[in-house]
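J.: Quick one, what's the 3D model for this:
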Amino acid sequence: MTDEVSAPEGPGGPGGWRGWRAATRAALYGPGGFYLRQEGPAGHFRTSVHASPLFALAVARLLCRVDEALGRPERLDFVDLAAGRGELVTGVLAALPAEVADRTRAYAVELAGRPAGLDARIAWRAEPPPGVTGLLFANEWLDNVPVEVAEVDPAGVPRLVLVGPDGTERLGEPVSGAEAEWLARWWPLPDEPGLRAEIGLPRDTAWASAVSSVARGLAVAVDYAHTADARPLFGTLTGFREGRGTAPVPDGSCDITAHVALDACALPGARLLTQRAALHTLGLTGARPPLALASTDPAAYVRALAGAGEAAELTAPGGLGDFGWLLQSVGIPDPIR
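T.: Predicted structure coming up:
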């Protein structure tokens, strides 16, 4: 199947209809694309990284556990995949104990250019380095790997959804080949007209490629997620602009995202858990400090109370705490237990 589908004149003129995968790729990563702009993702939406520095602290603790599982190697790698403007990798380096930080080689993987003033210790790359020994961490990356969208037509046949530059949709050819096989296995659609699914095959491939860059250590993907027992009936494709949800329009003006079928991405031996469970294991519980501290050290109590509030947001059910964590250990025991 090609990315471009010819069709009668539509919103973009002759040949203006494309599958959502090609349209999203151009809108996010093409010339002038949403993710190549100077303001970066933080200018439009708030991830766990932006919600609190405690998230970077938790990732630093995870890196220390990976370091121990590796036997404290002479060189420890930390790869921030889909690094935005380097906020997470900067926070992780700042949170590491000095002895670990001195051995850490930090990489930010991002298609946009290197931000001015970024810590010189951080290597800026378009792809993960090969032979990683350490932790590869992909926070909200897979939801922005473009995918095709399928919708069931009035005859009960899943068809590719085509989109014009203004976001108008129409149905194209029936889903076929490897994409049809993926749907049948991971997101089978009943023959009820209007039901939709995002075909996650490119994400499975992208994640397998990322994991293959890890020689020894741990790869983690964190994202909006769903599993086979709770697929959404009408898909999750949406847009974000300036902190608000909006219609997904593939013109570069907004983020275009869809939740991830993380169970389909998982390789043999992987483990899925919620962000709430993962962060609890890494010491972020959101528990309030003891009230007695307010009497003995009021300033410390206020700081601890603020930290508890931030941890509670990161682990909240119905919010960030419901994010999925996909853990893939490579040559070491699972460090989140």
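J.: which strand is the longest one in the protein?
T.: Scanning the chain for the strand with the most residues, using DSSP state E, yields strand 214-223.
J.: quick one: low-confidence parts of the stretch 51-200 of the chain?
T.: 51 (pLDDT under 70).
J.: For it, which segments are assigned as helices?
T.: Counting by DSSP state H, counting those that start in this stretch, the stretch 51-200 of the chain has helices at residues 53-69, 87-95, 98-103, 177-186.
J.: Could you do the stretch 201-337 of the chain as well?
T.: For the stretch 201-337 of the chain, applying DSSP H, counting those that start in this stretch gives helices covering 201-212, 262-265, 275-281, 292-296, 298-314.
J.: Give me the contacts around the first one.
T.: Okay, so that is helix 201-212. 21, 81, 128, 136, 138, 142, 145-147, 178-179, 182, 219, 221, 260-261, 264-265, 267, 326, 328, 330 (Cβ atoms under 8 Å, 6 or more residues apart in numbering). For glycine as for every other residue, the C-beta is placed from the backbone atoms N, C-alpha and C.
J.: Show me the beta-bridge partners of Glu271.
T.: Just to correct that, residue 271 is Arg rather than Glu. Residues in a beta bridge with Arg271, per DSSP bridges, are Leu327.
J.: Which secondary structure elements does the longest strand of the chain sit against?
T.: Secondary-structure packing of strand 214-223 (3 or more Cβ pairs under 8 Å, 6 or more residues apart in numbering; DSSP states H and E): helix 53-69, strand 132-139, helix 201-212, helix 262-265, strand 324-330.
J.: export that strand as CSV, just CAs?
T.: The C-alpha coordinates for strand 214-223 follow below in CSV (Å, rounded to 0.1, in the frame of the first residue of the first chain):
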residue,chain,number,x,y,z
VAL,A,214,20.0,-1.8,23.6
ALA,A,215,22.8,-4.3,24.0
ARG,A,216,22.2,-4.7,27.8
GLY,A,217,19.9,-2.8,30.1
LEU,A,218,16.3,-1.7,29.9
ALA,A,219,14.0,-0.1,27.4
VAL,A,220,10.8,1.7,28.6
ALA,A,221,8.0,3.1,26.7
VAL,A,222,5.5,5.4,28.6
ASP,A,223,2.3,6.4,26.9
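J.: Make CSV out of the helices and strands packed on strand 214-223 and add distance to Thr90.
T.: Formatted as CSV, the helices and strands packed on strand 214-223 follow (distance: least, Cβ to Cβ, whole Å):
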stretch, distance to Thr90
helix 53-69, 8
strand 132-139, 13
helix 201-212, 21
helix 262-265, 26
strand 324-330, 21
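J.: Select, out of the ones you listed, the one closest to Arg241.
T.: Closest to Arg241 of the helices and strands packed on strand 214-223 is strand 132-139 (Cβ to Cβ; 20.4 Å).
J.: What's the per-residue pLDDT of Thr315 here?
T.: For Thr315, the model assigns a pLDDT of 79.
J.: Now do it against Ala270, distance only.
T.: 22 Å (Cβ to Cβ, to the nearest Å).
J.: Which of those two has more residues huddled nearby?
T.: Just comparing Thr315 and Ala270: by other Cβ atoms under 10 Å the higher neighbour count belongs to Thr315, 25 against 18.
J.: Surely the more buried one and Thr281 touch.
T.: No - in this structure Thr315 lies outside contact range of Thr281 using Cβ atoms under 8 Å: 10.9 Å.
J.: Leu218: neighbouring residues, count only.
T.: By the criterion of other Cβ under 10 Å, Leu218 has 27 neighbours.
J.: So it sits against Leu135, correct?
T.: Yes - with contacts counted by Cβ under 8 Å, Leu218 reaches Leu135, the gap being 5.3 Å.
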